[in-house]
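> What follows is a predicted structure for the sequence shown.
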Amino acid sequence: MNISYNWLKRYIDFNLSPEELSAVLTSVGLETGSVEEVESVKGGLRGIVIGKVLTCEEHPNSDHLHITTVDLGDGNGPVQIVCGAPNVAAGQTVVVATVGTVLYDGDKEFQIKKSKIRGVESFGMICAEDEIGVGTSHDGIIVLDSEVAPGTPASEYYGLTSDYVLEVDLTPNRADAASHFGVARDLAAWLACHAVESPLKRPDVSGYASDCSEGGITVEVADTAACPRYSGVTIRNIKVAESPEWLKKLLISIGQRPINNIVDITNFILFGMGQPLHCFDLNHVGGEKIVVTPCADQTPFVTLDGVERKLSSADLMICDSEKRPMCLAGVYGGLNSGVTDQTTSIFLESAYFNPTSIRKSARRHGLNTDASFRYERGTDPNATVYCLKLAALLVKELAGGEICGDIIDIYPNPVKPFPVELKYDYAASLIGKHIPNNQVNSIARSLEMEITAVTDESVSLLVPTYRVDVQRPCDVVEDILRIYGYNNIEISSELHASLSAKTETDLSNQLRELISNQLTACGFNEILNNSLTAASYYGENSELTDASHQPVSLLNPLSNDLSVMRMDMLFGGLETIEHNANRKLPDLMLYEFGNVYSVDPSVEYTQEKPVAAFTETEKLAIWL
């Protein structure tokens, strides 16, 4: 996940350099792989300065070129530049690329050199907007206000600022940090622990208000298990247009392509606050009603990428009043219901979907989107309305429009913070060091855990709902330790060890090692094949299968060749032999240790005896 240095500063003030920030995030469990500078204009306008055209004469050997002399403000006197722009004239203040400057045209680059144009020497280039990347016009050169002093760097005139992007490698349990605000929360906790208080700057939504009581559409949630919370609001009379520069720059910095102001706002909330949003064009919402429900099996649905997919009855869909699917909930939008340049009214969706449901739908259809990435790991069910208000305010600011009706919020079973009781002695035994009780409490508060009771032995906490991975005392200890600092735990000078008799497993490993050494000494090579194999190896005529021994099938196989667990070592070895023989290595001596698997279909699977039907056996196979 890419984190923008400038975007992060919208939510928290800090004085760390990008490299220092990278080290801090890594220390708190958000491992940062790289830090890269991102320039708002490629090349950063290096070597480009403001100049003053002193003279301008027609080129003797051309009917469209001009010979100019330009003051570059460097104290070395004017330079001669041949210019082909029709609007160049004496007295103008212009933008000049000096000799040695590198300019970019998409992925191509070229360097400004001293040259002769139609027999006249030229020492630079007077530039148009598109030639330096500050605009798209190529009608003529850029003519600036005459008050700008010659020699002023173009980067200073245009107010260019660099950004830095940190590539954060999230572990699967840290869905709460899959946003800039989530990273800012961890950074605020670290700063507080290190005596640098810097409170979070949570965007204010107190100005949210409905513009009219009428005009809102209705919503029905038919499956509250797959959709525990569904929030939404109707906004009419908007104008879809290009996003402002500040928004486009933030999205571009993390590798996102700006589309239009409405779509860009949903992406801004997604990557800024971690809450996926979806926007529907009301012109395509039949009956102006949203129905959250599964569709019939094999219902055709064309997604935004233009691919028609056959839905499963287990897929949760966002439909209109006629039960026509418009969006694969939490995963991918439909082709015909999204925002276009002609959209004038929208319905903004902010929901919490069951992570298991989203994960299964995404895998079923081979889709992996920014929304499904967050939903299937667990978003905050209590953030939907806040993010919806924030998005609605941005829509009004950037696209106009009127908020119609009240916010719809269907939340039959509110999710409450997770209660955890942490004993101080338990934390010390797990960490290997006693951290003062008051410091443990302080770190817990900085992580937004509410303290409900404190004794000499323990502290009772309420963990916020966005931390779906912190529900046990050991999880709280891990959170406290990563903020306190793993490097602050001293290595003990003592070594504690215990002796125990060898177990059956130890003897088995010894025997296996003995056999391996003997075979290797005799010239054999050990191989290791995949435990997953093709179901076709165990057909009706296979001697390996019978009524009580059948292959163990995968529910969601990656391919037909990896759809069951192997029942025998034979086929993997034959595949290895075939692979080598096809590459002119037919003389082989191979061995493999591994497990084989089977299932008895007649034995009923129960929660009390979940493995009663399954058999797992260790084997040794040898091939000559």
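That came in fine, so what should we check first?
> ok, what's across the strand from Thr533?
Legend: beta-bridge partners of Thr533 under DSSP bridges are Val564.
> What is the neighbour count of it?
Taking other CB atoms under 10 Å as the criterion, the count of residues near Thr533 is 21. The C-beta positions use only the backbone N, C-alpha and C, and glycine is treated the same way.
> what's the domain layout of the protein?
What automatic domain parsing lists as the domains of the chain is 2-33+169-193, 48-157, 218-410, 418-488, 504-623.
> is it possible to export these to a markdown table including mean pLDDT?
A markdown table is the format used below for the domains of the chain (pLDDT from 0 to 100):
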| stretch | mean pLDDT |
| --- | --- |
| domain 2-33+169-193 | 93 |
| domain 48-157 | 90 |
| domain 218-410 | 94 |
| domain 418-488 | 94 |
| domain 504-623 | 88 |
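> Looking at those, which is nearest to Ser40?
Within those, the stretch nearest Ser40 is domain 218-410; the backing value is 5.7 Å (CB to CB).
> Please compute how far that closest one lies from its chain's middle.
Relative to the mean C-alpha coordinate of its chain, domain 218-410 is positioned 17 Å out (CA atoms, centre = their mean, to the nearest Å).
> measure that domain end to end?
One end of domain 218-410 to the other measures 11 Å (CA to CA, to the nearest Å).
> now the domains of the chain in a markdown table, with distance to Asp211?
Compiled in a markdown table, those are given as follows (distance: least, CB to CB, whole Å):
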| stretch | distance to Asp211 |
| --- | --- |
| domain 2-33+169-193 | 27 |
| domain 48-157 | 36 |
| domain 218-410 | 4 |
| domain 418-488 | 30 |
| domain 504-623 | 47 |
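> For Val205, which of those domains is the nearest?
Going by CB to CB, the one of these nearest Val205 is domain 218-410, 4.1 Å.
> List the contacts of stretch 482-499.
Contact partners of stretch 482-499, identified using CB atoms under 8 Å, 6 or more residues apart in numbering, comprise 27-29, 186, 189-190, 193, 431-433, 435, 439, 443, 446-447, 481.
> distance between the ends of it?
Across its full length, stretch 482-499 reaches 33 Å between end residues, using CA to CA.
> Now do that stretch: distance to the chain's middle.
With CA atoms, centre = their mean as the basis, the mean position of stretch 482-499 lies at 34 Å from the chain mean.
> Give the buried residues for that stretch.
By 16 or more other CB atoms under 10 Å, the buried positions in stretch 482-499 come out as Arg482, Ile483, Tyr484.
> do stretch 51-66 as well
The neighbour-count criterion (16+ other CB under 10 Å) identifies Gly51, Lys52, Val53, Cys56, His59, Leu65, His66 as the buried residues of stretch 51-66.
> Now, of the contacts of stretch 482-499, which are buried?
For the contacts of stretch 482-499, a neighbour count by 16+ other CB under 10 Å gives the buried set as 27-29, 186, 189-190, 193, 431, 435, 443, 446-447, 481.
> Please, where are all the helices along the stretch 301-450 of the chain?
When secondary structure is read from DSSP state H, counting those that start in this stretch, the stretch 301-450 of the chain shows helices at 355-364, 370-375, 384-399, 424-431, 437-446.
> from the buried ones among the contacts of stretch 482-499, which is closest to Leu528?
Each of those was checked against Leu528 using CB to CB; the closest is Gly29, at 32.4 Å.
> Alright, I will stop here.
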